[in-house]
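> Provide a 3D model corresponding to the input given below.
(one chain, ligands or ions: 1)
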Amino acid sequence: MCVTGAGMTLELLAPAGDAEKLRFALLYGADAVYFGGGAFSLRAAAASAFSAADTAGAVRLCHSFGAKAYLTLNIYPHDEDIEALTEYLRALASTAGDAAALPDAFIVSDPGVLGILKEVLPGVGMAGGPEIHLSTQANVTSAPAARFWYAQGVRRLILARELSLPEIKKIRDAIPEDMALEAFVHGAICMAYSGRCLLSNYLNGRDANRGECSQPCRWNYALEEAKRPGEYFPVEEDGRGTYLLSANDLCMIEHISDLVQAGVSSFKIEGRMKSAYYVASVVRAYRWAIGAAQKGEPYDPLWFAELEKASHRRFSTGFFYGVPGKDHTEEITEAPAYGEGMEYIRGYEFLGNVLGYDADSGFARVEVRGKFSPGETIEIFGPAPGFTEVTVGELYDEEMQPIDSANRAMQIVYLKTPNPVQVNDMIRRAK
Ligand code: SF4
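Just a heads-up that it's a prediction; the model follows:
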């Protein structure tokens, strides 16, 4: 379901690194989902589940939820990649069979990929066919660049992350009305220019621009003197180590209205490599925030509290309110300048999914993902706001034998709950 704000249709766009994450993104409120096309997106590992055949199935699932499906093909290919890319697109065209199984849009960065796409799938970019969306990787930072891509058939810009809100507004005012603006609002960001980065190539030969980034900007660095191998001299920013290159995570949940006013109509969550729990938690929080922005309701700290329960680095507002730096003061949490991302904060642990519930007995059937035991306090939540706090009581295995703890990943257990729960609810616990 899309909502309308400031004369625009607003869209919550979620990542899907595999089929399970796709399903939870849809269940927890995404209007649209993006996933990688084979080895041709910038998350090659996350995309491995989406072969051409998988893509058609994923698209159909999205459509059955009334949601849109966007296929990411945003690598910068070298000539050696072209044949495989063309084959992938041919397989997609023949597997899809009908237009209903084709993605609603293809996300590209490279003009060559765009050309191949139009050649292999002639309806792409035409009226009634799948749209072309330009990846943030293409680094569009001005209205002339936007208009250039419009002339190539692009109908949505995924804005470079280095743009401020006034710059976005300026672009919005200078481009055709039928060109939509999409912006990343939550998740990891690169310290390099919208991902145009060679750190990973240089340090371990994995090409970030062909979907293989090993994220060396997140590593903890030390100093080593050439003649004393193995002796590391700490260069400490603080007691936790040195993360000179690690950017904070982006979090714009408090500022949805500002983005709408600047002309952004699609709100994108980063994280195809993150867990299904992460996707569900972040999607539900932004679902509420976008709904409230639509109705003109005020910011609710509950949304941010929900985001804090999913793993994250310190949050910031990126470049939206100006160039971030040490003195940057626009962030939501305490003193999180752009380059102080540091390590992940994981305050909560994902324990399992509800597979079924028997109202007569009060037992929930649960697929276990993390250990929990009777006497512990857990939280159960679904797509709706809030959660239920439960003290774990009786716990049984699949044969209804009492057990002391649920402790094996994918184990099926029965958990007595005082309140009704729903299939696909999730269970978590504060660490
Ligand atoms: S190394 Fe870091 S900054 Fe560079 S592309 Fe990878 S995630 Fe982005």
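> check which element follows the strand or helix carrying Leu250 along the chain.
Leu250 is part of strand 249-251, with elements assigned from DSSP states H and E. Beyond strand 249-251 on the C-terminal side, the first helix or strand identified by DSSP H and E is helix 256-262.
> residues in contact with that next one?
Under the contact criterion CB atoms under 8 Å, 6 or more residues apart in numbering, helix 256-262 has outside partners 5-6, 8, 10, 165-166, 168-169, 172, 183, 185, 252, 267, 286, 289-290, 292-293, 320. All C-beta atoms are positioned from the backbone trio N, CA, C, and that covers glycine.
> filter those residues down to just the ones in helices.
Mapping those onto helices (DSSP state H) picks out 165-166, 168-169, 172, 286, 289-290, 292-293.
> reformat those as a markdown table; add distance to Leu351.
Formatted as a markdown table, the ones in helices among the contacts of helix 256-262 follow (distance: CB to CB, whole Å):
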| residue | distance to Leu351 |
| --- | --- |
| Leu165 | 39 |
| Pro166 | 44 |
| Ile168 | 40 |
| Lys169 | 44 |
| Arg172 | 43 |
| Tyr286 | 23 |
| Ala289 | 25 |
| Ile290 | 28 |
| Ala292 | 29 |
| Ala293 | 32 |
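> adding neighbour count and pLDDT, write the residues you listed out as CSV.
Shown next, in CSV, are these (neighbours: other CB atoms under 10 Å; pLDDT from 0 to 100):
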residue, neighbour count, pLDDT
Leu165, 20, 98
Pro166, 12, 97
Ile168, 23, 98
Lys169, 17, 98
Arg172, 22, 98
Tyr286, 27, 98
Ala289, 27, 96
Ile290, 24, 96
Ala292, 16, 93
Ala293, 23, 90
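> the nearest residue to Leu71 once chain neighbours are set aside is in what secondary structure piece?
Nearest residue to Leu71, sequence neighbours excluded (CB to CB, 6 or more residues apart in numbering): Pro103, at 4.0 Å. Pro103 is part of no helix or strand, with elements assigned from DSSP H and E.
> Pro103 touches Tyr70, doesn't it?
Yes: under the criterion of CB atoms under 8 Å, Pro103 makes contact with Tyr70 at 6.0 Å.
> re the thing from before, what packs against the strand holding Leu250?
Contacts defined by 3 or more CB pairs under 8 Å, 6 or more residues apart in numbering; DSSP states H and E place strand 249-251 against strand 180-187, strand 315-316.
> so what are the sheet partners of that strand and their directions?
strand 180-187 (antiparallel), strand 315-316 (parallel) (DSSP bridges).
> what sits up against it?
In contact with strand 249-251 (CB under 8 Å, 6+ apart) are residues 161, 184-189, 270, 304, 307, 312-318, 332, 341.
> ditto for stretch 264-271
8-15, 17, 32, 34, 156, 158-159, 168, 180-189, 250, 252, 256, 259, 278-279, 282-283, 286, 290.
> just stretch 115-129 next, same as before
By CB under 8 Å, 6+ apart, stretch 115-129 touches 73, 82, 85-86, 89-90, 92-93, 99, 102, 106, 108, 130-132, 153-155.
> among those residues, name the ones in helices.
Per DSSP H, those map to helices at 82, 85-86, 89-90, 92-93.
> part of a strand, is Val366?
Yes: per DSSP: H, G, I helix; E, B strand; the rest coil, Val366 lies within a strand segment.
> need the contact list for it.
Counting by CB under 8 Å, 6+ apart, Val366 has contacts 352-355, 406, 412-415, 427.
> please redo it, this time with the cut-off set to 7 Å
352-355, 413, 415, 427 (CB atoms under 7 Å, 6 or more residues apart in numbering).
> which SS state does the nearest residue to Tyr88 once chain neighbours are set aside fall under?
Spatial nearest neighbour of Tyr88, chain neighbours left out: Gly38 (4.7 Å); criterion: CB to CB, 6+ apart. With three-state DSSP as the basis, Gly38 sits in coil.
> what's the spacing between Gly38 and Ala293?
Note on Gly38: its distance to Ala293, by CB to CB, to the nearest Å, is 36 Å.
> shouldn't Gly356 be in contact with Val423?
Yes: Gly356 is within contact range of Val423, at 6.0 Å (criterion: CB atoms under 7 Å).
> domain parsing for the protein?
Domain assignment of the chain by automatic domain parsing yields the ranges 3-192+246-316, 348-430.
> redo those as CSV? Include distance to Arg228.
Output for these, formatted as CSV (distance: least, CB to CB, whole Å):
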stretch, distance to Arg228
domain 3-192+246-316, 26
domain 348-430, 40
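> just give the number of residues close to the residue nearest to Ala138 when sequence neighbours are not counted.
In this structure, Ala138 finds its nearest non-sequential neighbour in Ser109, 4.5 Å apart by CB to CB, 6+ apart. Residues within reach of Ser109, counting by other CB atoms under 10 Å, total 26.
> now swap in the one 3 residues further on and tell me
Other residues within reach of Gly112, judged by other CB under 10 Å, total 15.
> secondary structure element for it?
helix 111-120.
> could I get that helix in PDB with only the CA atoms?
The C-alpha coordinates for helix 111-120 follow below in PDB (Å, rounded to 0.1, in the frame of the first residue of the first chain):
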ATOM      1  CA  PRO A 111      25.200   3.200 -19.600                       C
ATOM      2  CA  GLY A 112      26.400   0.000 -21.200                       C
ATOM      3  CA  VAL A 113      24.100  -2.100 -18.900                       C
ATOM      4  CA  LEU A 114      21.200   0.300 -19.800                       C
ATOM      5  CA  GLY A 115      21.900  -0.300 -23.500                       C
ATOM      6  CA  ILE A 116      22.000  -4.100 -23.100                       C
ATOM      7  CA  LEU A 117      18.800  -4.000 -21.100                       C
ATOM      8  CA  LYS A 118      16.900  -2.100 -23.700                       C
ATOM      9  CA  GLU A 119      18.200  -4.500 -26.400                       C
ATOM     10  CA  VAL A 120      17.400  -7.700 -24.700                       C
END
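> I'm done for today, thanks for sticking with me.
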